[in-house]
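**Q** Pasting a predicted model and its sequence here:
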Amino acid sequence: MTNERHREREDRGRRLRARAWALVTVAAGLLYLIWVFRALNPAHPVLGAVFVFAELCCLGLFIVTTIGVWELRFKREEGVPLDQARSVDVFVPVCGEPADMVTRTLEALDGVRWVGEKRVYVLDDGPTPGVREVADALGFTYLSRDDTGDARAYAKAGNLNFGLAHSQGELILVMDADQVAAPHILEALAGYMRFPAVAFVQSQQSFLVPEGDPFFNNDHVFYEAVQLGLDGGDCVVSCGSGVLYRREALDHVGGFATWNLVEDLTTSYNMHAAGWKSLYYQYPLSVGLSPMNVWGVYRQRGQWALDTLRLFFWDNPLFKRGLDVFGRVSYLIIALAYLCAAFVFPFFFMVPIWSYLTGGNVLYRHELEFAAYRGLYFVCMALAMHYLFRGRQAGKQFQVLTGLFPVYARAAMLALMYPSRRQRAYRPNNESGPRRVPPAWLAVLPQIVLLVANAVLPFYAIMVGRVPARLIAANIAISALAIWSLLPVVLGALQAPAAPVAEAPREVMDGLA
C-alpha cells in the first residue's frame with residue numbers, strides 16, 4: 001500500500017503517550033492479577049475463579065484493542081488523484097423506508113459529481129409506494145425483486161447481489177436509503193482504487209442524533225480511532241453505506257455475503273481472508289438517520305452484535321484461513337468488546353450486591369491493598385484509552401457499551417443458536433408503517449434493577465450490621481462505577497427524544513437541501 005503517512009509528525013506526541021501508557025497498563029494489570037491470585041478467598045472458589053476469568057478478559061480486550069490502534073493512519077481530505085475514470089454503479093437498497101426519506105437520498109445522489117459513467121440503481125425490496133416514480137423522474141434505474149417473486153430473500157445482501165447481476169460498473173458505491181451523500185463522495189473515494197489490491201474504501205459514518213447523542217450513535221471512538229488503526233493494517237471494516245467497492249473483489253468472493261443479517265462485516269471478512277485490502281477515508285461523506293428511541297437502538301445494536309458474534313462462534317478469526325495476524329486481531333476486537341459488555345462488566349457490578357447481602361468477599365486480603373493495586377491499574381487504563389482513542393470520549397463509549405449489556409447478552413445467546421445454515425429475519429432500522437412500541441422503561445428494566453441495587457444495598461448493609469465497614473467502603477467504589485456506567489443509557493431511554501442535531505461538516509449537511 002502507499003507509504004504516505006499524513007499527519008505523522010503532528011500525531012507523534014499522542015502516539016508516544018498512548019504507547020507508553022498502554023505498556024504501563026499491561027504491566028499494572030499483570031501486577032494486579034498476580035496479587036489477585038494470591039488474595040483469592042478459598043471460601044468462595046467458584047466465584048473467585050469467575051472473578052479471575054473476568055479480569056483476564058478485561059486485560060485481554062485491552063491488549064487486543066491496543067494492537068488494533070497501535071498505528072493510526074491519516075489521509076488527506078482531498079484524497080489521491082484519479083488514475084482513470086472508472087464506471088460507477090450506485091446501489092440504493094430500499095426495504096420499506098418512508099418514501100420522503102428515500103427521495104432525499106436519491107435527490108442527493110443526482111447531484112453527486114463524477115467525470116466518468118455513473119448509473120444509480122434503486123433496489124426496492126418493499127416495494128415502497130412512490131419510489132419508482134422518483135427514480136424514473138431522476139433518470140435512475142429502478143429494480144425490484146418483488147417483480148421476480150424473490151423479494152427479501154437474504155435481506156439486504158440478496159438485494160445488493162440482485163443489483164450486481166443487473167449492472168456492469170467497475171466500482172459499486174452503496175448508499176443506504178436514509179443516507180444523504182455529499183456531492184464529492186466519488187471524487188474523494190475513487191482515487192484509492194489506483195491500488196489494485198484495494199477491495200473497498202469506507203468513508204466515516206455520520207448521523208443526525210438527538211441533543212447530546214445519548215446512545216453514542218456518532219461513535220467517535222470507532223469512527224475516529226479504531227477505523228484509523230485498522231486502516232494502518234489495510235484491514236478496515238465495511239459499515240455498509242458510504243462505501244465504494246471494486247466489482248472484481250466482490251466477484252472474487254462470490255458477491256455480498258448472505259449468511260449474516262447484514263452484509264457489511266461478513267463481506268469484509270471474506271475479502272480480507274481472500275487477500276484483499278481495504279482503506280478508510282476519515283472524513284464524513286454522508287449523513288444518515290440514527291434510531292430515535294431505545295427500542296430502535298436495541299434492534300440496530302442487536303443486529304450488529306449478532307452478526308459479529310456469529311462470526312466469532314462459527315467462523316472464528318483465530319482459525320480463519322487467509323487472514324494475517326493483524327486481520328485476526330481486527331475481527332477479535334469488536335467481538336470481545338460485545339462479550340465483555342454482555343457478561344464481564346455486569347458480573348463486576350453484581351459482586352458488590354452479593355457482598356452487601358451476604359457479607360462475603362471474593363478477596364480475603366485487606367481492602368486497602370485491593371484499592372491500591374486495582375486503582376493503579378484502573379487509572380493507567382483510563383489514561384491509555386484516552387490517548388489510544390485520541391481523546392474521543394472513551395468513557396462515553398464504555399457507558400453505552402456497558403449500558404446495553406442486555407442487548408449483547410441476548411445477541412450472544414442467539415449467535416449460539418444460529419450457525420451458518422440458519423438465518424433470522426431482518427428488519428431495516430427506519431422501516432415505515434405503524435408499529436406498537438413497548439414502554440421505554442421495559443427496555444432498561446435490567447439496568448434499572450442493577451443500578452438501584454448498587455445504590456440502595458450499601459445502606460441496607462450498614463443497617464443490618466453484618467458486613468464489615470471497610471468491605472462496604474471498598475464495594476461502594478465499584479457500585480459508584482456501576483451507577484456511572486449504567487445511568488446514561490437509562491436516562492437516554494426514559495427521556496423523550498429531542499430533535500436530531502447534526503454532527504457533520506457543512507458540505508455534507510448541504511446535501512440535505
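**A** Arrived safely. Residues are numbered from 1 along each chain as shown.
**Q** what about Leu138, neighbour count?
**A** Each residue near Leu138 was counted by other CB atoms under 10 Å, and the total is 15. From N, CA and C alone the C-beta is placed, and that goes for glycine too.
**Q** show me what contacts it?
**A** The contact partners of Leu138, by CB atoms under 8 Å, 6 or more residues apart in numbering, come to Leu106, Glu107, Asp110, Val120.
**Q** okay, and for the stretch 401-513 of the chain, where does confidence drop off?
**A** Applying pLDDT under 70 to the stretch 401-513 of the chain flags the ranges 420-435, 496-513.
**Q** Okay, helices next: where are they in it?
**A** 405-417, 440-443, 445-464, 469-494, 506-509 (DSSP state H, counting those that start in this stretch).
**Q** looking at those helices, which is closest to Gly116?
**A** helix 506-509 (21.5 Å; CB to CB).
**Q** For this protein, give me the ranges with low pLDDT.
**A** 1-4, 420-435, 496-513.
**Q** Nearest residue to the middle of it?
**A** Centroid-nearest residue in the chain: Phe222, 6.6 Å away (criterion: CA atoms, centre = their mean).
**Q** Please produce a markdown table containing the helices of the stretch 401-513 of the chain, extended by mean neighbour count.
**A** Compiled in a markdown table, the helices of the stretch 401-513 of the chain are given as follows (neighbours: other CB atoms under 10 Å):
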| stretch | mean neighbour count |
| --- | --- |
| helix 405-417 | 19 |
| helix 440-443 | 16 |
| helix 445-464 | 16 |
| helix 469-494 | 19 |
| helix 506-509 | 16 |
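**Q** what two of the contacts of Leu138 are the furthest from one another?
**A** Longest span within the contacts of Leu138, CB to CB: Glu107 and Val120, 10.9 Å.
**Q** Who has more neighbours out of the two?
**A** Val120 (21 against 16).
**Q** distance between stretch 450-469 and the chain's centre?
**A** Averaging C-alpha coordinates over stretch 450-469 and over its chain gives two centres that are 36 Å apart (CA atoms, centre = their mean, to the nearest Å).
**Q** picking that back up, can you tell me which of the contacts of Leu138 end up in helices?
**A** Leu106, Glu107, Asp110 (DSSP state H).
**Q** Leu164: which of these is nearest?
**A** Comparing the ones in helices among the contacts of Leu138 against Leu164 with CB to CB places Leu106 closest, at 19.7 Å.
**Q** can the ones in helices among the contacts of Leu138 go into JSON lines with extra columns for distance to Leu230?
**A** Listed next are the ones in helices among the contacts of Leu138 as JSON lines, based on distance: CB to CB, whole Å:
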{"residue": "Leu106", "distance to Leu230": "31"}
{"residue": "Glu107", "distance to Leu230": "33"}
{"residue": "Asp110", "distance to Leu230": "32"}
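**Q** Which residue ranges make up each domain of the chain?
**A** Domain assignment for the chain, taken from automatic domain parsing, gives 12-70+330-420, 88-292+504-512.
**Q** can you tell me which residues contact the nearest residue to Ala415 once chain neighbours are set aside?
**A** The shortest distance from Ala415 to any non-neighbouring residue, by CB to CB, 6 or more residues apart in numbering, is to Leu309 (3.7 Å). Contacts for Leu309 (CB under 8 Å, 6+ apart) come out as Ala335, Tyr338, Leu339, Ala411, Ala412, Ala415.
**Q** before we move on, which element is Leu309 in?
**A** helix 294-314 (DSSP states H and E).
**Q** Look up which residues are beta-bridged to the closest residue to Leu109 other than its chain neighbours.
**A** In space, and not counting its chain neighbours, Leu109 is closest to Val120: 5.3 Å by CB to CB, 6+ apart. Beta bridges link Val120 to Val90, judged by DSSP bridges.
**Q** So Val120 sits against Val90, correct?
**A** Yes. Using CB atoms under 8 Å, Val120 is in contact with Val90, at 4.4 Å.
**Q** next one: the top helix by length along the chain to chain centre, how far?
**A** Longest helix of the chain, by residue count under DSSP H: helix 12-39. Helix 12-39 has its C-alpha centroid displaced from the chain centroid by 25 Å (CA atoms, centre = their mean).
**Q** helix or strand right after it?
**A** helix 45-68.
**Q** so what secondary structure elements neighbour that following helix?
**A** Contacts defined by 3 or more CB pairs under 8 Å, 6 or more residues apart in numbering; DSSP states H and E place helix 45-68 against helix 12-39, helix 325-339, helix 345-358, helix 367-388.
**Q** can you put those helices in a markdown table and add mean neighbour count and distance to Phe215?
**A** Output for the helices and strands packed on helix 45-68, formatted as a markdown table (neighbours: other CB atoms under 10 Å; distance: least, CB to CB, whole Å):
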| stretch | mean neighbour count | distance to Phe215 |
| --- | --- | --- |
| helix 12-39 | 16 | 26 |
| helix 325-339 | 21 | 16 |
| helix 345-358 | 20 | 17 |
| helix 367-388 | 19 | 20 |
